[in-house]
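Peer 1: give me a model of this one.
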Amino acid sequence: MNILNIEPATNFSGGVNQTILNSIELKKRGHTVYLACVKESFVHKRLKDKGFDFVFIDEERALYSAKLIRKFLETNVVDIVHTHHSKGHKIGLLALMGRRKEKLVVQRGVIFPAKNPFKYLNPRVNLFIANSNVVKNVLMKSLVSKRKIKVVYTAMDENAVLGLSRDEIRAKFGFENRFVFGIVGNYSGWKGQDLLLRAFSNIKNRGNVLLAFIGKNTELLKEQAKKLDVLEHIKILGFREDAPKIIKGFDCLIIPSIKGESFPNVAVEAFFSKTVVAGTTIGGIPELLENGRGFLCKPEAESLMNTMLAVYHYENREEITNRAYEFAKENLTIQKKIDRLESIYRELLRK
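Peer 2: Take a look at the predicted model:
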């Protein structure tokens, strides 16, 4: 198959990482994969030396980018156009307007309601790929036909968590002899870092505990940490590309999102790292942590505090991490994901 991935995002995100992983695995299996992306974006930098052909687009100029892609399609055979992120969805629709040869697949990985009928009810979209059942339900509530939605879970290359051992990581970052709660995510109002700080402020003196932050702009939390008198109990590591390798040094990964979380990649990374996960009952988090694969709480400070204490005192965390690891091996490897994606593509091309 010949596949064009449209990825207009310039910075790193979980969705961008999925585009990269998809492209590498599909190419490895003998498919021809093209990338429409911004020059020197994260996607371009990661893939430019791996034998891919690129169409360079502009994240902020949808019509201009669509014309470039349309010109590319006139001289190259493409079976599947798979768009990523909302801007990619718009660019893909504009590029394929009036064309019938290529199948248009739209990736959807957020639980915010679909607001633009032109994009979501447009008959030119052949199929939506939702990264969780909760995203599928949101699309259906936006009147997208159930027949046009397939669920393909977010996945990862399990080798991404390999590297230093747990003890080496804990020594490197000063985690030794402390129970480490950690969160991985760029600072955002809906990611729940502020909520986590408030919850943590009530348990800082109930054990030898540390709270570690990984993510862009997390240094902005220092002022609040001072006000809550927890600064000496937290460690802010900032943005790190090796975050998946550090998670195994945590005793518990926290996902304290208060909205918008569809299927957090960091939970998958924690599963493969055999690190306990605790998260709020938001979006797709329960879908990941159900059946005893983690701890759930309400997106409220008191509930989160009680859950963190429950994890701290729980004596059989290994049973939970083993259950989560087996689920991840069976469902969340990039190989399993591409098996499903290939099957969906082939079914679509037969129609």
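
Peer 1: isn't Ala62 up against Lys90?
Peer 2: Yes. With contact defined as CB atoms under 8 Å, Ala62 reaches Lys90; the gap is 5.1 Å. Every C-beta, even on glycine, is put in place using the N, C-alpha and C of the backbone.

Peer 1: counting neighbours, what do you get for Leu4?
Peer 2: 24 (other CB atoms under 10 Å).

Peer 1: now do the same for it: helix, strand or coil?
Peer 2: When classified by DSSP: H, G, I helix; E, B strand; the rest coil, Leu4 comes out as strand.

Peer 1: ok now do it, which residues does it touch?
Peer 2: Leu4 is in contact with 33-36, 55, 69, 72-73, 78, 80-82, 102, counting by CB atoms under 8 Å, 6 or more residues apart in numbering.

Peer 1: now Ile80: closest residue in space, sequence neighbours ignored.
Peer 2: Ile3 (4.6 Å; CB to CB, 6 or more residues apart in numbering).

Peer 1: the contacts of Leu4 in strands, which ones?
Peer 2: 33-36, 55, 80-82 (DSSP state E).

Peer 1: what's the most distant pair in these?
Peer 2: Distance extremes for these: the farthest pair is Val55 and Ile80 at 14.9 Å, using CB to CB.

Peer 1: need the CA coordinates for stretch 275-282. PDB is fine.
Peer 2: Extracted in PDB, the C-alpha atoms of stretch 275-282 (Å, rounded to 0.1, in the frame of the first residue of the first chain):
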ATOM      1  CA  THR A 275       5.200   1.000  37.300                       C
ATOM      2  CA  VAL A 276       1.800   1.500  39.200                       C
ATOM      3  CA  VAL A 277      -0.500   4.000  37.600                       C
ATOM      4  CA  ALA A 278      -3.100   6.100  39.400                       C
ATOM      5  CA  GLY A 279      -5.400   8.300  37.400                       C
ATOM      6  CA  THR A 280      -8.700  10.300  37.400                       C
ATOM      7  CA  THR A 281     -12.000   9.000  36.000                       C
ATOM      8  CA  ILE A 282     -11.600  11.300  33.000                       C
END
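
Peer 1: buried ones in that stretch, by neighbour count?
Peer 2: Buried residues in stretch 275-282, counting neighbours by 16 or more other CB atoms under 10 Å, are found at 275-280, 282.

Peer 1: can you flag which of those residues belong to strands?
Peer 2: Those of the buried residues of stretch 275-282 mapping onto strands are 276-280, per DSSP E.

Peer 1: contacts only, for Phe295.
Peer 2: Phe295 makes contact with 276-279, 289, 307, 310-311 under the criterion CB under 8 Å, 6+ apart.
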